[in-house]
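*Asks:* I would like to see how this sequence folds:
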Amino acid sequence: MIRIGMIIGDRYEIQEKIGTGGMSDVYRALDHKLNRPVAVKVLKQEFSENQNFVQKFRSEAQAAAGLMHPNIVNVYDVGNDKGVYYFVMELVDGITLKKYIEKKSRLTVKEAVSIGIQVAMGLDAAHKNNIVHRDIKPQNIMISKDGKVKVTDFGIAKAASSNTITSNVMGSVHYTSPEQARGGFSDAKSDIYSLGVTLFEMVTGRVPFNGDTTVAIAIKHIQEQFPSPSIYAPDLPISVEKIILKCCQKSPDRRYQNATDLIKDLKRSLITPNEDFVVLVDPDEEGATRIASDDEQEMIRNGNPQGGKTGEMRLNDTGTIGSDDQIKTVRNNRNSRDIQSSPNSQRTSNDKNYRDEYDEGDYVYDRSYRPGSKKRKDFRSDDSLDKIMILMAVVAVVLVFVIIAFIVGGHMGLFGAGTTGSSATVSSTQAAGSDASGIIVPDVVGMSYIEAKTTLQDKGFKVEKVDDNESSEAKNVVVAQTPSKDTRQASGTTVTITVSTGAHMAASDTASSESSANEVVMPSVIGLDEASARLELVEMGFSNSNINVVMVNNEDASLTDLVINQTPAKGTKVSTDSVINLEVSVGPKATAAYVFVGNIEAPTENTYYTSGTTVNVTITAADGTLLFSSATSSFPISVIQSQNQAYTSSTTATLEMSFVVNTESGAVTQSVTRTVSLTQMQ
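*Replies:* Down below sits the predicted model:
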């Protein structure tokens, strides 16, 4: 039993309850060892003797403890004190994004995109550690008083390679992806869908799908056209609109394939919001609006008996699907700004149906359900909907047989007398629809390997390199490609390019050919952060040591930490040996300029620290300006005043040092915080 004032783990003094969920309670506590406030999440007593719940609770702690990122709520410690299972987290002084949206109704585009970037950066770190969140929603995103955005509550997350938690887990129904609603496999692209819905809500003030029951909403995610956000926000820039629509494609293959790509487009939208640069892959059979199968609807109605938020997927006693859930047909016009909203999508965010019992809690534990029970709540659909679904299913089957007949008939010469076998094959391919979908493969033969790789990756293809030792072409020149140019292939298809090793090239031509093979077209890295810009340039063949970065002030605060200028300019043909100069904004210049100058000593006040440990060091001014950032194992760090040093109007700053310690419970993040005085710029 947790009581105010008690100390658990001989270290954490419980001060007040600040939150509760289905499985656990969250308390504000004081860490007496490091003298700092923390949040302590405690497994409820009624679950502490159930090993399944204990394991789930530990899984959440382990999933989050392995992550250390500024946009993820850090886990500091995990423990068990006389049957009290707990873990200690960073205490975020702020509010949830949900409450922030409710307070402002609609966020500005810059504000929404900035929040989206920070959430995506947190997810990117999790995904690169093979952790999928599975419950991204505004309620699980915290905004601190200094403007930092952090993802929290990995309660239904699991390692992508783990089998300890069913992959059929479903998060909150308003934000769930179609594959989660169907009970299928979910991965990083499921988180991207949920983030897209969150972006939609930020810029419109409402969710894309609503309904009388959770089942009705889940079915809409599967089979209804995703509404264009510009319907509710006419002033929304086209780049942001298409980013949201790409995140929320029905087929995971047509969404952003990773959070890194999403971050790049979000940052670019801050620089050129009205530029139509987002590529939406043409719809195919997987992504078309379709009817949920009987098995899928039955799964949605009954919930997932194996794990996850069972209560969110079980119907209310009176739950039925109303007439607003009629099946929608696919529209021929795929222009995102011409998409019409469904009847249900006209409801405002204040609709009483939006405030269902499942949105606000961390966990919902359905006491009427027990694992292994055969009892299910009875559900009967509206008769008219059943008839429509049966009719549509029959039509779909007939269409499939017609298409098959055309394909087979085309190969057998039954259609189009006098047509050759090759043209018959083309005709049948067109009948199947493949000619109208996919991405055209560009011609990369004759390009340098680096240029070809960049060209193909920009189109959404994967690249595999094969060396050709017999070619007489210059070294690193592409001599062949498969699939061939001008064919249509699905996004993510691997294109194999054969590259000459130059082994059979005449010696007299070697010098000039190597020079041309090392030439590339300079890309634009404006709008990227420094790390992303460096990565993109290095992948093109530039040396990291030849990339010079200058920190400069810029009056547009939204461009802080982003590249705002580059030389050589985009489109210039340059050698990969060239020096690249980038300018990164540190924000507007303060009227009274203060900087940090002095030595930073090792975090020896933390007993877990040992000499040689790599420590992440940041100095953040009281106004949120990042003054210093480094990862080092060498102390002390000497910081001297420089011409391009970041300024602030604040006179004090917070020095934070964090590092990872391996314990019996796994990797645990430790941190030390100090308040430092700043020196006025001379």
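
*Asks:* from now on I want contacts and neighbour counts done on CA atoms only, so please keep to that.
*Replies:* Fine.

*Asks:* can you check the pLDDT for Thr214?
*Replies:* You'll see Thr214 listed with a pLDDT of 81.

*Asks:* tell me how far it lies from Ile8.
*Replies:* Distance from Thr214 to Ile8, counting by Cα to Cα, to the nearest Å: 39 Å.

*Asks:* which one's more surrounded, these two?
*Replies:* Thr214 (26 against 19; other Cα atoms under 10 Å).

*Asks:* can you verify my assumption that the more buried one contacts Val173?
*Replies:* Yes - counting by Cα atoms under 8 Å, Val173 is a contact partner of Thr214 at 6.3 Å.

*Asks:* residues near Ile222, how many?
*Replies:* Neighbour number of Ile222 under other Cα under 10 Å is 26.

*Asks:* helix or strand for it, which one?
*Replies:* helix 214-223 (DSSP states H and E).

*Asks:* ok, Lys462 - contacts?
*Replies:* Residues near Lys462 by Cα atoms under 8 Å, 6 or more residues apart in numbering: 456, 492-495.

*Asks:* how many other residues sit next to the nearest residue to it once chain neighbours are set aside?
*Replies:* Among residues not flanking Lys462 along the chain, Thr494 sits closest, at 4.4 Å (Cα to Cα, 6 or more residues apart in numbering). Residues near Thr494, counting by other Cα under 10 Å, number 17.

*Asks:* do the same with the one 3 residues further on
*Replies:* The tally of other residues near Ile497 (other Cα under 10 Å) stands at 25.

*Asks:* picking that back up, would a markdown table of the contacts of Lys462 with pLDDT and distance to Ala602 be doable?
*Replies:* As requested, the contacts of Lys462 are exported to a markdown table (pLDDT from 0 to 100; distance: Cα to Cα, whole Å):
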| residue | pLDDT | distance to Ala602 |
| --- | --- | --- |
| Leu456 | 86 | 46 |
| Gly492 | 81 | 46 |
| Thr493 | 89 | 49 |
| Thr494 | 91 | 48 |
| Val495 | 93 | 49 |
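
*Asks:* before we move on, the earlier item: in the helix holding Ile222, what counts as buried?
*Replies:* Judged by neighbour count (16 or more other Cα atoms under 10 Å), helix 214-223 contains these buried residues: 214-223.

*Asks:* quick one: list the elements packing against it.
*Replies:* Other elements packing on helix 214-223 under the criterion 3 or more Cα pairs under 8 Å, 6 or more residues apart in numbering; DSSP states H and E are helix 178-181, helix 294-302, helix 310-313.

*Asks:* where does pLDDT dip in the stretch 401-550 of the chain?
*Replies:* 401-437, 505-517 (pLDDT under 70).

*Asks:* where does this structure dip in pLDDT?
*Replies:* 21-22, 60, 63-64, 155-171, 282-437, 505-517, 589-592, 643-645, 682.

*Asks:* can you give me the domain boundaries for it?
*Replies:* Split into domains by automatic domain parsing, the chain comes to 7-90, 95-354, 383-423, 439-517, 521-585, 594-680.

*Asks:* will you turn the ones you listed into TSV that also has distance to Met1?
*Replies:* Formatted as TSV, these follow (distance: least, Cα to Cα, whole Å):
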stretch	distance to Met1
domain 7-90	7
domain 95-354	22
domain 383-423	51
domain 439-517	53
domain 521-585	47
domain 594-680	23
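
*Asks:* if we can go back for a sec, buried subset of the contacts of Lys462 as a PyMOL selection?
*Replies:* In PyMOL, this line selects whichever of those come out buried by 16+ other Cα under 10 Å:
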select buried, resi 456+492+494+495
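
*Asks:* between the contacts of Lys462, which is nearest Ser472?
*Replies:* Val495 (22.3 Å; Cα to Cα).

*Asks:* OK, contacts around the closest one?
*Replies:* Contacts of Val495 (Cα under 8 Å, 6+ apart): 456, 461-464, 481-483.

*Asks:* out of those residues, who's nearest Ser24?
*Replies:* Lys462 (43.4 Å).

*Asks:* what's the local residue count around Pro636?
*Replies:* Pro636 has 12 nearby residues by other Cα under 10 Å.

*Asks:* from Pro603, how far off is it?
*Replies:* 10 Å.

*Asks:* intersection of neighbour lists for those two?
*Replies:* By Cα under 8 Å, 6+ apart, no residue touches both Pro636 and Pro603.

*Asks:* quick revisit: now the contacts of Val495 in JSON lines, with distance to Met121?
*Replies:* Below are the contacts of Val495 laid out as JSON lines (distance: Cα to Cα, whole Å):
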{"residue": "Leu456", "distance to Met121": "25"}
{"residue": "Phe461", "distance to Met121": "23"}
{"residue": "Lys462", "distance to Met121": "23"}
{"residue": "Val463", "distance to Met121": "25"}
{"residue": "Glu464", "distance to Met121": "28"}
{"residue": "Gln481", "distance to Met121": "35"}
{"residue": "Thr482", "distance to Met121": "34"}
{"residue": "Pro483", "distance to Met121": "34"}
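
*Asks:* which members of the residues you listed are positioned in strands?
*Replies:* With strands taken from DSSP state E, the overlap with those comprises 462-464, 481-482.

*Asks:* quick check on those: which are buried?
*Replies:* Counted by 16+ other Cα under 10 Å, the ones in strands among the contacts of Val495 give 463, 481 as buried.
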